[in-house]
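Chemist: Here is a sequence with its predicted model. Questions after.
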Amino acid sequence: MKKYKEFIPVKDFTASSIACGIKKGSTKKDMCMIYSEKPAHAAGVFTKNSVKAAPVKISMENISSGNIRAILANSGNANACTGKQRTDDANHMISLVSEVMGIDSKEVLAASTGVIGVPLPMDRIVSNIEPMAKNLESSNFPDAAEAIMTTDTFKKEVSVDFMLGGKKVVISGMAKGSGMIHPNMGTMLSFILTDAAIENELLKKALIECTDVSFNMISVDGDTSTNDTAIVLANGSAENKPIAMEGPNYYIFKEALKIVCIELAMLIAKDGEGATKLIEVNLTGGFSQDASNKLAKAIISSNLVKAAFFGNDANWGRVLCAMGYSGGNFNAEKLDLVFEGGGKTIQLVEKGKGVPFDETTAEEILKNETVTIHVRLNDGSFSAKAWGCDLSYDYVRINGYYRS
C-alpha cells in the first residue's frame, strides 16, 4: 500500500473548476465539478447540526436513492439560511448539471461552503456550469481542490494505491476545512474517489467507521458547521471482484480508506484558522473505547489547552481539567502525561502527580510545528487519537472580518 501527498487521478473520474466570483471581489476558482464516466456507488456522512444547508439536505436524499454520477461544489457561499430560495437555487444547480451531462438529477450531489445567510449569485453560477462541464479532465483535480477552499491556506489532497484481488486500486481524496471545525464533522467538505468495486452497504459501513476515527476526531474551534459533507464514490473501474461481504478484501479496502480519511483530517487540523502548530493527542490504556474517544476529544477541543500551546506554555493542568469534564471514565491517579515534539519528549505527570521538569526543554518541544500529547491511562487496552491546533490571535482576526 503506497501513500501519496497529492491527488492521483482515478480511472473514469474527471473534474473541472472555474472562477465565478461567488464571493464579491474574489477572483479565485470557486466552483468545481467531479464526474464519473459510469454510475458510482456512493456513501456520505453529513453535519449533525440541526440547521442544515440546502445542498446537505438534497445530497442526503439523492445519495440514498442509488448511484451517483456528479458532484457540484462551490466555495464563498454556504447556501444556508436564505429561506425557500436556498432549496430552489440548489435544485436549479443540480438540474443544470443533469441537463448538460445528460444524467438524472438524482445522480447529482451538491456541496457548498462559505458565508451563511447570503443568497447565491445564481446568474454567475448558471452561466458557468456548461463551460465547466465542457472542460472535464482527469488532470484537473488539483484545481478542483483549490476551488473548494475558503480560509484554507493550502490544498488538502492524499491518495493511496494498493492491490485488491490482483487488481490495482486507487483511493484519492481532497478536502477543505480551516475554521468552524469540531468533532461530529467539522466547515469541512471532503470528496473521496475510488475505482474499487464494492457494494453500497459495505461502502457506507467503511466510510462511517473511517469517519469515526478521522473527521470526527478533529477540532479547531468547537463549532459544527451547517454544511459539513464527506462523500466517497466507487465506480468499479479497477475491475476487481466486487466486495460483497466482510472479509480480507473488505478490510484491505477499509484500511486504505482510513489512511486517506485520517490524512485529510490531520491536514484540516493543521490548517486551522490562524494556527501555528498541529496538536495530536495519543491516548492509550483506556477503560473503554467510548471513554477513550471522549477524553481525547475533550483535550483537543479545549480552548485553554489550545491557548497554552500557542504560548508554548507546558500548563499540563489544563489537559487534566479537560479530561475531568469530558464524561469519559478514567482513574486520574494512574495517569502519565508526556509531551513530544522535534524528536524530544518530556514527562510532566506520573501516576496522576506532577513531576519536576525543565521549563526550557518543555518550551523547545512546544515550539515545534507538530506536538504530541501522550496520555497513558494505564487502566485498560483501549486507545484513541485526536487532532487539533493551537488558538492564536489570528483566529480572532480572521473570523472578526470573515464576511469582508
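Modeler: Right, received. Where do you want to start?
Chemist: With adjacent residues omitted, what lies nearest to residue 370?
Modeler: residue 278 (4.7 Å; CB to CB, 6 or more residues apart in numbering). Any C-beta I mention is one placed from the backbone N, CA and C, and that applies to glycine too.
Chemist: ok, now how distant is the one you found from residue 386?
Modeler: If you measure residue 278 against residue 386 using CB to CB, to the nearest Å, the figure is 11 Å.
Chemist: And these two? Which one has more around it.
Modeler: Of the pair residue 278 and residue 386, residue 386 is the one with more neighbours under other CB atoms under 10 Å, namely 27 against 20.
Chemist: Am I right that that one falls within a strand?
Modeler: Yes: membership of residue 386 in a strand is supported by DSSP: H, G, I helix; E, B strand; the rest coil.
Chemist: got the contact list for it?
Modeler: Listed by CB atoms under 8 Å, 6 or more residues apart in numbering, the contact partners of residue 386 are 183, 217, 218, 219, 280, 281, 283, 296, 297, 299, 300.
Chemist: Then residue 188?
Modeler: Applying CB under 8 Å, 6+ apart, one finds that residue 188 lies in contact with 175, 176, 177, 181, 215, 225, 228, 229, 230, 268.
Chemist: Now do the contacts for the third one.
Modeler: Right, residue 177. By CB under 8 Å, 6+ apart, the residues touching residue 177 are 152, 156, 186, 187, 188, 189, 190, 220, 268, 271.
Chemist: Could you check how far it is from residue 215?
Modeler: Look at residue 177 and residue 215: by CB to CB, they are 9 Å apart.
Chemist: low-confidence ranges in the stretch 101-250 of the chain?
Modeler: 179-187, 221-226 (pLDDT under 70).
Chemist: picking that back up, just the contacts of residue 386: which are in helices?
Modeler: By the criterion of DSSP state H, membership of the contacts of residue 386 in helices covers 296, 297, 299, 300.
Chemist: who wins for most neighbours among those residues?
Modeler: With neighbours set by other CB under 10 Å, the maximum within the ones in helices among the contacts of residue 386 is found at residue 296, which has 29 neighbours.
Chemist: So it versus residue 352, what's the distance?
Modeler: When distance is defined by CB to CB, residue 296 is 18 Å away from residue 352.
Chemist: For the stretch 51-200 of the chain, which segments count as helices?
Modeler: With DSSP state H, counting those that start in this stretch as the definition, the stretch 51-200 of the chain shows helices at residue ranges 54-63, 84-101, 122-133, 141-147, 200-212.
Chemist: Which strands or helices does the fourth one pack on?
Modeler: Secondary structure elements in contact with helix 141-147, counted by 3 or more CB pairs under 8 Å, 6 or more residues apart in numbering; DSSP states H and E, are strand 13-18, strand 31-46, strand 68-77, strand 156-164, strand 167-176.
Chemist: quick revisit: how about the helices of the stretch 51-200 of the chain in CSV, adding mean neighbour count and distance to residue 401?
Modeler: What follows is the helices of the stretch 51-200 of the chain, written out as CSV (neighbours: other CB atoms under 10 Å; distance: least, CB to CB, whole Å):
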stretch, mean neighbour count, distance to residue 401
helix 54-63, 22, 25
helix 84-101, 18, 24
helix 122-133, 16, 23
helix 141-147, 23, 22
helix 200-212, 19, 32
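Chemist: Now do the longest helix seen in the chain against strand 31-46: the angle between them, please.
Modeler: With residue count as the measure and DSSP H as the assignment, the chain has helix 248-270 as its longest helix. Here helix 248-270 points in a direction 110 degrees away from that of strand 31-46 (axes from the mean of the first three to the mean of the last three CA atoms, to 10 degrees).
Chemist: how distant is helix 248-270 from the center of its chain?
Modeler: 11 Å (CA atoms, centre = their mean, to the nearest Å).
Chemist: cool, stretch 5-19 as well?
Modeler: If you compare the mean C-alpha spot of stretch 5-19 with that of the full chain, they lie 18 Å apart, counting by CA atoms, centre = their mean.
Chemist: Enumerate the positions of it that are buried.
Modeler: For stretch 5-19, the buried set under the neighbour-count rule, 16 or more other CB atoms under 10 Å, comprises 7, 8, 9, 10, 11, 12, 13, 14, 15, 16, 17, 18.
Chemist: what's the answer for stretch 370-377, then?
Modeler: For stretch 370-377, burial by neighbour count (16+ other CB under 10 Å) applies to 371, 372, 373, 374, 375, 376, 377.
Chemist: export these to JSON lines and tack on secondary structure?
Modeler: Below are the buried residues of stretch 370-377 laid out as JSON lines (three-state DSSP):
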{"residue": "371", "secondary structure": "strand"}
{"residue": "372", "secondary structure": "strand"}
{"residue": "373", "secondary structure": "strand"}
{"residue": "374", "secondary structure": "strand"}
{"residue": "375", "secondary structure": "strand"}
{"residue": "376", "secondary structure": "strand"}
{"residue": "377", "secondary structure": "coil"}
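Chemist: what kind of secondary structure is the residue located most distally from the centre of the chain in?
Modeler: Taking CA atoms, centre = their mean as the measure, the residue most remote from the mean C-alpha position of the chain is residue 356, 38.4 Å away. On the three-state scheme (three-state DSSP), residue 356 is labelled coil.
Chemist: residue contacts, it?
Modeler: Residues touching residue 356, when contacts are defined by CB under 8 Å, 6+ apart, are absent altogether.
Chemist: State the distance from it to residue 149.
Modeler: Per CB to CB, residue 356 is found 45 Å from residue 149.
Chemist: my read is residue 333 is in a helix, agree?
Modeler: Yes: remark: residue 333 belongs to a helix, assigned using three-state DSSP.
Chemist: surely it meets residue 351?
Modeler: Yes: proximity of residue 333 to residue 351 meets the contact threshold set by CB atoms under 8 Å, at 6.2 Å.
Chemist: returning to what we had before: if we take the contacts of residue 386, which one ends up nearest to residue 163?
Modeler: residue 217 (28.5 Å; CB to CB).
Chemist: pretty sure the closest one contacts residue 296?
Modeler: Yes: in terms of CB under 8 Å, residue 217 counts as a neighbour of residue 296; the distance is 6.8 Å.
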